[in-house]
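Asker: the sequence isn't on hand, but the structure is:
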């Protein structure tokens, strides 16, 4: 009888855990699909709050806080009031810290942190560019150390190398190499629907610039 009771309890707990996991997956799939397709300010704000709520329920999952951070970072980039950019970036950084506490040394989180540094440049390019470009570059190198095959880190670094002046680390040839490698990796890997998978279109845009530069020579 005791054995039967333990078996029944284990079954009930297992079913409850499965149900919770299934609910989490569906909630994430719905919100990530919206994040992929629409990034207007109202949508990003709603999604940021949705992801934060999911994270508050699924306390061991880092992805909800990662996506909440991505939403806040995009809001920082879209913010027209320069005085409000840092508040969004601070919020994004807080989400990144939370995600990192759940999944330390995660290449995707390091890449997110790099984009947050770059978002802060929007406040004042001349005064902030050198500092935050360097911090963003360091975060990207960390991301690539943690996962040398992270195409998102490659794409963001390629964008940095393409746009920065040569005196500040700009290198269009390296940018093209990074974008080409990222394009290959995107073609090879089909991630789970809720895992980070953005960046492919950005890699393709850089490749078009590289092709145009080659054609001009």
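Answerer: Happy to help now that I have it. Model, not experiment: these values are computed from the prediction.
Asker: and stretch 131-148, how far out from the chain's middle?
Answerer: Relative to the centre of its chain, stretch 131-148 is centred 13 Å away, using CA atoms, centre = their mean, to the nearest Å.
Asker: so which bits of it are buried?
Answerer: Residues of stretch 131-148 classed as buried by neighbour count (16 or more other CB atoms under 10 Å): 132-133, 135-137, 139-140, 142-144, 146-147. The way it works is simple: take the backbone N, C-alpha and C, and place the C-beta from them, glycine included.
Asker: which residues touch residue 106?
Answerer: 62, 99-100, 146 (CB atoms under 8 Å, 6 or more residues apart in numbering).
Asker: most surrounded residue in those residues?
Answerer: residue 99 (25 neighbours; other CB atoms under 10 Å).
Asker: need the helices for this protein, in chain order.
Answerer: Along the chain, counting by DSSP state H, helices occupy 2-37, 41-57, 63-78, 82-102, 107-120, 125-146, 151-163, 172-188, 200-216.
Asker: among these, which is nearest residue 194?
Answerer: For the helices of the chain, the distance to residue 194 is smallest for helix 2-37, at 4.3 Å, taking CB to CB.
Asker: the domain parsing of this protein - what is it?
Answerer: Split into domains by automatic domain parsing, the chain comes to 27-128, 149-217.
Asker: was I right about residue 129 contacting residue 121?
Answerer: Yes. Proximity of residue 129 to residue 121 meets the contact threshold set by CB atoms under 8 Å, at 5.5 Å.
Asker: the residue nearest the centre of the chain: what's it in contact with?
Answerer: The residue lying closest to the centre of the chain (CA atoms, centre = their mean) is residue 112, at 4.4 Å. For residue 112, the contacting residues are 66, 69-70, 73, 92, 96, 99, by CB under 8 Å, 6+ apart.
Asker: out of the residues you listed, which comes closest to residue 174?
Answerer: Nearest to residue 174 out of the contacts of residue 112 is residue 73 (CB to CB; 24.2 Å).
Asker: distance of the residue nearest to residue 68 when sequence neighbours are not counted from residue 192?
Answerer: Nearest residue to residue 68, sequence neighbours excluded (CB to CB, 6 or more residues apart in numbering): residue 51, at 3.9 Å. For residue 51, the distance to residue 192 equals 16 Å [CB to CB, to the nearest Å].
Asker: dump the helices of the chain to CSV, plus mean pLDDT.
Answerer: CSV is the format used below for the helices of the chain (pLDDT from 0 to 100):
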stretch, mean pLDDT
helix 2-37, 67
helix 41-57, 97
helix 63-78, 98
helix 82-102, 98
helix 107-120, 98
helix 125-146, 94
helix 151-163, 95
helix 172-188, 95
helix 200-216, 87
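Asker: follow-up on the earlier one: just so I know, which of the domains of the chain lies nearest residue 21?
Answerer: Closest among these, using CB to CB: domain 27-128, at 8.7 Å.
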